[in-house]
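**Student:** predicted model and sequence follow; I will ask about them next.
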Amino acid sequence: MRRSAELFFTVLRVPMDFLALVGAGALAYSLRFETFAEIRPALFSLPFGNYLALVTAASAAWLLIFAMAGLYTVGGTRKKFEEFKKIFLACSTGFAGLLAILFFSREFFASRFIIIAAWALAIFLVSCGRLLIHALQSASQRYGFGVRSVIVIGADREAKALVEEFRRRPALGYRVLQVFPLFNASSEKIMAKLDIDEVILAKPETPLKEVHALIDFADEHHIPLKYSADMFATHAAELEFSTLAGIPLMEIKRTRLEGWGRVYKRIFDILGSLLLIILTSPFLILGALLTLFENGFPVIYLNERVGLRGHIFNTLKFRTMYKKYCIGKQFRGATEALQFEAKLIEERGIKEGPIYKIKNDPRITHIGRILRKLSIDELPQLFNVLRGNMSLIGPRPHQPREVEKYDKHHRKVFTIKPGITGLAQISGRSDLSFEDEFKLDSYYIERWSMKLDFIILFKTPFVVLFSRGAY
């Protein structure tokens with residue numbers, strides 16, 4: 001909830017800034033042609049409709065400048081003075097750009113007054129909009145919306161100062177659930193039962209064993225970890241610096257898929273899945289008909305998998321096994337099917353570790369074997385992507401009974417949504433060992449970028465055509 005609240009107020013800044021910029025332009029126009037027209041009549045004609053179109057385009061360009069100035073970063077504590085300084089610099093950059101345009105095309109727009117007035121009004125109105133958002137965010141935090149429930153670990157000056165600061169300034173949005181002098185088996189047991197948004201380690205001289213145990217706990221439970229020292233650098237994809245109560249804190253960022261990265265990827269998933277559903281609709285229809293004709297209903301197999309933050313959901317797949325061998329709530333005889341599967345894993349299993357893979361699986365139908373070979377059986381998962389419990393690209397989701405055999409560090413894959421394809425799928429698929437697959441997934445989680453997504457998406461059809469690692 002807390003991360004969603006931060007993202008909500010960050011995204012809200014974009015339309016608020018846009019309205020403020022357009023409003024500044026409209027107000028500057030009104031001042032020139034109505035308020036000051038009696039003092040100094042305008043010697044040029046500028047229809048408001050044409051002017052408004054120009055202001056709208058300029059405002060959109062200014063939003064890009066705002067983004068480059070860091071006015072839409074997610075998370076961290078926002079200092080108002082720093083934010084106002086960025087607003088002033090970003091608006092001045094836009095103002096300088098408009099002056100350059102006016103210099104080279106003066107006949108296009110002759111009123112320098114409107115430009116100067118719009119610049120000053122933009123700084124004022126955007127700043128007012130930010131103050132309003134700050135007020136809304138602070139008010140929502142007083143009612144519990146977006147408040148961070150934190151655990152503080154430490155007994156020194158730093159820990160006491162943080163707890164006192166959170167108590168004294170509720171507008172910061174922190175609620176201290178409990179303070180532990182150190183992280184051990186006893187405190188871990190208590191913390192596992194609490195609904196925690198963040199853990200703050202305010203104990204600079206922490207033993208290395210305790211540090212690693214705390215990192216494992218945070219990874220397992222998908223909890224952000226902040227600390228008052230630089231001892232965690234090797235565990236982080238990125239580090240975010242902030243200060244609280246005059247104490248420097250670093251937060252481990254396990255993935256770039258937070259904040260705007262999360263927004264970009266969701267837009268990419270929605271547009272990409274819609275396009276791919278349209279493009280692959282002949283294969284979807286053909287796969288459904290062939291499955292139906294060979295072995296009847298159900299055509300779609302609801303396969304329980306573990307997704308983002310350990311939540312269980314059903315992936316959609318064309319059923320490729322005979323019904324008597326299928327496992328799940330859709331089918332009867334699950335006990336016998338599970339026993340037969342265990343026997344096959346023992347006799348024909350080709351993977352070590354928690355994930356099983358059976359070569360020459362006798363449970364698969366003739367049509368199912370073709371669908372699996374061409375990965376057509378997984379095309380219905382495009383609807384999982386559209387719904388939001390999967391992504392086009394990410395770690396492959398596994399079954400709950402497989403996840404039960406994970407080591408603690410393997411649960412890192414639940415940091416992001418599972419995907420239809422991923423780095424492991426274009427690098428060997430089922431031919432990879434589980435540990436190699438995990439390492440590739442970890443790399444993707446830590447080094448995500450839109451460029452990497454496009455590369456994986458581009459390579460996937462070629463891997464499917466050559467049927468690498470498909471069984």
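**Tutor:** Received the coordinates, thanks.

**Student:** with just CA atoms, put stretch 274-285 into CSV.
**Tutor:** Output in CSV follows, covering the C-alpha atoms of stretch 274-285 (Å, rounded to 0.1, in the frame of the first residue of the first chain):
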residue,chain,number,x,y,z
LEU,A,274,-3.1,-6.5,-26.8
LEU,A,275,-1.0,-6.4,-30.0
LEU,A,276,0.3,-10.0,-29.6
ILE,A,277,-3.3,-11.3,-28.9
ILE,A,278,-4.4,-9.8,-32.2
LEU,A,279,-1.3,-11.1,-34.1
THR,A,280,-1.5,-14.6,-32.6
SER,A,281,-5.3,-14.9,-32.7
PRO,A,282,-5.2,-17.5,-35.5
PHE,A,283,-2.8,-19.7,-33.4
LEU,A,284,-5.0,-19.2,-30.3
ILE,A,285,-8.1,-20.3,-32.2
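
**Student:** from the chain's centroid, how far away is stretch 207-224?
**Tutor:** Centroid separation between stretch 207-224 and its chain, computed with CA atoms, centre = their mean, to the nearest Å, is 21 Å.

**Student:** following the lowest-mean-pLDDT helix or strand in the chain, which helix or strand comes up?
**Tutor:** For the chain, the helix or strand with the lowest mean confidence is strand 238-244, at a mean of 66 (criterion: mean pLDDT, DSSP states H and E). Once strand 238-244 ends, the next helix or strand along the chain (criterion: DSSP states H and E) is strand 247-253.

**Student:** averaged pLDDT, that following strand. What do you get?
**Tutor:** For strand 247-253, mean pLDDT is 70.

**Student:** parallel or antiparallel, which strands does that strand pair with?
**Tutor:** Strand pairing for strand 247-253, determined by DSSP bridges: strand 225-227 (antiparallel), strand 238-244 (antiparallel).

**Student:** residue boundaries of the strands in this structure?
**Tutor:** Using DSSP state E, the strands found in the chain span residues 148-153, 174-180, 198-201, 225-227, 238-244, 247-253, 300-306, 312-318, 391-393, 419-421.

**Student:** these: lowest mean pLDDT?
**Tutor:** strand 238-244 (a mean of 66).

**Student:** isn't residue 309 right up against residue 219?
**Tutor:** No - Residue 309 is not in contact with residue 219 according to CB atoms under 8 Å; the separation is 11.8 Å. Heads up, the C-betas are built off the backbone N, CA and C, glycines and all.

**Student:** check contacts around residue 23.
**Tutor:** By CB atoms under 8 Å, 6 or more residues apart in numbering, the residues touching residue 23 are 121, 125.

**Student:** what pLDDT does it get?
**Tutor:** 91.

**Student:** quick one: it from residue 125, how far?
**Tutor:** For residue 23, the distance to residue 125 equals 6 Å [CB to CB, to the nearest Å].

**Student:** what's the answer for residue 342, then?
**Tutor:** Distance from residue 342 to residue 125, by CB to CB: 67 Å.
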